[in-house]
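**Student:** Model the structure of this input:
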Amino acid sequence: MSIDGAGRHPAAWRAATEPIDWFGGDYSVRLAQEAERGCFDFAVFEDAFGRPPMGAGQRGGRLDALLVAARVAPVTSRIGLIPVVTTTHTEPFHVSKNIASLDFVSLGRAGWKLAVSTSEEDADRFGRKHAAPLGELYAEASEAADVVARLWDSWEDDAVIRDVATGRYLDRDKLHYVDFEGRFFRVRGPSITPRSPQAQPPVAVDIASDEALAVAAERANLAFLLTADVDDARRQRERILEAAAAAGRAADDVAVLATVDVLLAADEGAARDERARLDALAVPDASAVDTLEVVATPPMLAAVLEEWFRSGAVDGFVLRPAVLPRGLSPLVDEVVPRLQDRGLFRRSYGASTLRGHFGWGRPVNRYAEARP
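**Tutor:** Numbers count the residues shown, from 1 in each chain. So this is what the prediction gives:
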């Protein structure tokens, strides 16, 4: 579930029927709590270094996704929290401790959606390097994800001993230098944050290119497909799982989810009229990706989701309401119950961590395995 800002549609803020403070922390809290009422696996908090378009009908400005997730964590209890954290212009050390901190704050519900920054305008905000080709950006992202995972393991689970009598807080033999030296990063480690509740919070990647697909297959647990065609989704899923297997990963280490943009109404005509009204208020987005879009009724959306899932094209979905907050409750109250009645969705949470929602256990520490 994506609960970003006013909604997926660029003119969503103009559809609000009452004043809404999209930048207030309580707004994100209410959305996350509503998504948790629907037993969704996770909420995605979008982010980027670029400012959203400021053209007619579009809302500019954004909050830091990771900080918003940290605000939401103490007032939710089961839903996973996945902020976007961009690897371009960002140090893996900071990413590792920030996501691990979110995992502690949320008691094991943190994830990380990996993203890259492609524009020269974004690069100018940092002033350290120029924008790079996509292949280089994703090579850097893959290396960053590798470093982050190593830093998450740099404390063994029982490294903190708190021995008051001897004054030893840590067992230093159970802290490990990662000693990573690659093309983009040179990191000695260890982290300054202990191993978090999940040990390795799940990593997500949007599959917007072949380069992104390669990183997802090698590093990610959640692959978010951006396609409107069920056969293409099936082909992409097969490619991801084959590449993951070639990288030495088990097939069930990766869940492939389709991204679905959603606009619901009581009848299909009303939904299409609402979409046309929103389109008339917005500047066309030339960068928009051709994702699956359902402009229809709740029963129609449930049928589409069932068709894609039962055909084996995907393992699940990331729903992105066109307009928030009003687009969320119909999903919770009208779509989820239909999926539950068909045996396709849980009626209550069976796990308390994000990894647990997908049936993934807590990984063994790589350095503990290697230690004699």
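**Student:** CA only for contacts and neighbour counts going forward, please
**Tutor:** OK.
**Student:** In the longest helix belonging to the chain, which residues are buried?
**Tutor:** The helix that spans the most residues within the chain, counting by DSSP state H, is helix 134-152. By neighbour count with 16 or more other Cα atoms under 10 Å, helix 134-152 contains the buried residues 134, 137-145, 147-152.
**Student:** Show me what that helix is packed up against.
**Tutor:** helix 92-105, helix 210-219 (3 or more Cα pairs under 8 Å, 6 or more residues apart in numbering; DSSP states H and E).
**Student:** which residues are contacting it?
**Tutor:** 87-88, 91-93, 95-97, 100, 114-118, 178, 180, 182-185, 187, 189-191, 194-196, 199-200, 211-212, 215, 218-219 (Cα atoms under 8 Å, 6 or more residues apart in numbering).
**Student:** go with 7 Å
**Tutor:** Residues outside helix 134-152 that contact it (Cα atoms under 7 Å, 6 or more residues apart in numbering) are 87-88, 92-93, 95-96, 116, 178, 184, 189-191, 195, 199-200, 211-212, 215, 219.
**Student:** does residue 177 sit in a helix, a strand or a coil?
**Tutor:** Assigned with DSSP: H, G, I helix; E, B strand; the rest coil, residue 177 falls in the coil class.
**Student:** Please report how far it lies from residue 151.
**Tutor:** For residue 177, the distance to residue 151 (Cα to Cα, to the nearest Å) stands at 8 Å.
**Student:** Count the residues that sit near the residue lying closest to residue 40 once chain neighbours are set aside.
**Tutor:** Setting aside the residues directly before and after it, residue 40 is nearest to residue 79 in space (Cα to Cα, 6 or more residues apart in numbering), at 6.5 Å. A count of neighbours around residue 79, defined by other Cα atoms under 10 Å, yields 27.
**Student:** returning to that earlier point: let me have the helices and strands packed on helix 134-152 in TSV, extended by mean pLDDT.
**Tutor:** Listed next are the helices and strands packed on helix 134-152 as TSV, based on pLDDT from 0 to 100:
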stretch	mean pLDDT
helix 92-105	98
helix 210-219	96
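**Student:** Helices of the stretch 51-200 of the chain, start to end?
**Tutor:** 65-72, 92-105, 120-126, 134-152 (DSSP state H, counting those that start in this stretch).
**Student:** Of these, which is nearest residue 306?
**Tutor:** helix 65-72 (29.7 Å; Cα to Cα).
**Student:** Where does the prediction get shaky in the stretch 201-350 of the chain?
**Tutor:** Flagging of the stretch 201-350 of the chain using pLDDT under 70 yields the residue ranges 285-288.
**Student:** Let me see the ranges of the strands in it.
**Tutor:** Taking DSSP state E, counting those that start in this stretch as the criterion, the stretch 201-350 of the chain carries its strands at 203-207, 222-225, 255-264, 292-296, 316-321.
**Student:** need the ones you listed in CSV with distance to residue 308 and mean neighbour count, can you?
**Tutor:** Formatted as CSV, the strands of the stretch 201-350 of the chain follow (distance: least, Cα to Cα, whole Å; neighbours: other Cα atoms under 10 Å):
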stretch, distance to residue 308, mean neighbour count
strand 203-207, 17, 23
strand 222-225, 12, 26
strand 255-264, 9, 25
strand 292-296, 11, 20
strand 316-321, 9, 22
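**Student:** and those strands as TSV, adding distance to residue 122?
**Tutor:** As requested, the strands of the stretch 201-350 of the chain are exported to TSV (distance: least, Cα to Cα, whole Å):
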stretch	distance to residue 122
strand 203-207	19
strand 222-225	24
strand 255-264	25
strand 292-296	28
strand 316-321	25
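**Student:** Out of those strands, flag the one nearest residue 365.
**Tutor:** Nearest to residue 365, of the strands of the stretch 201-350 of the chain and by Cα to Cα, is strand 203-207 at 16.9 Å.
**Student:** quick one: the residue nearest to residue 40 and residue 36 touch, right?
**Tutor:** Yes. Here residue 79 reaches residue 36: they are 5.4 Å apart, a contact under Cα atoms under 7 Å.
**Student:** re earlier: now the contacts of helix 134-152: which count as buried?
**Tutor:** The buried subset of the contacts of helix 134-152 - by 16+ other Cα under 10 Å - is 87-88, 92-93, 95-96, 116, 178, 189-191, 195, 199-200, 211-212, 215, 219.
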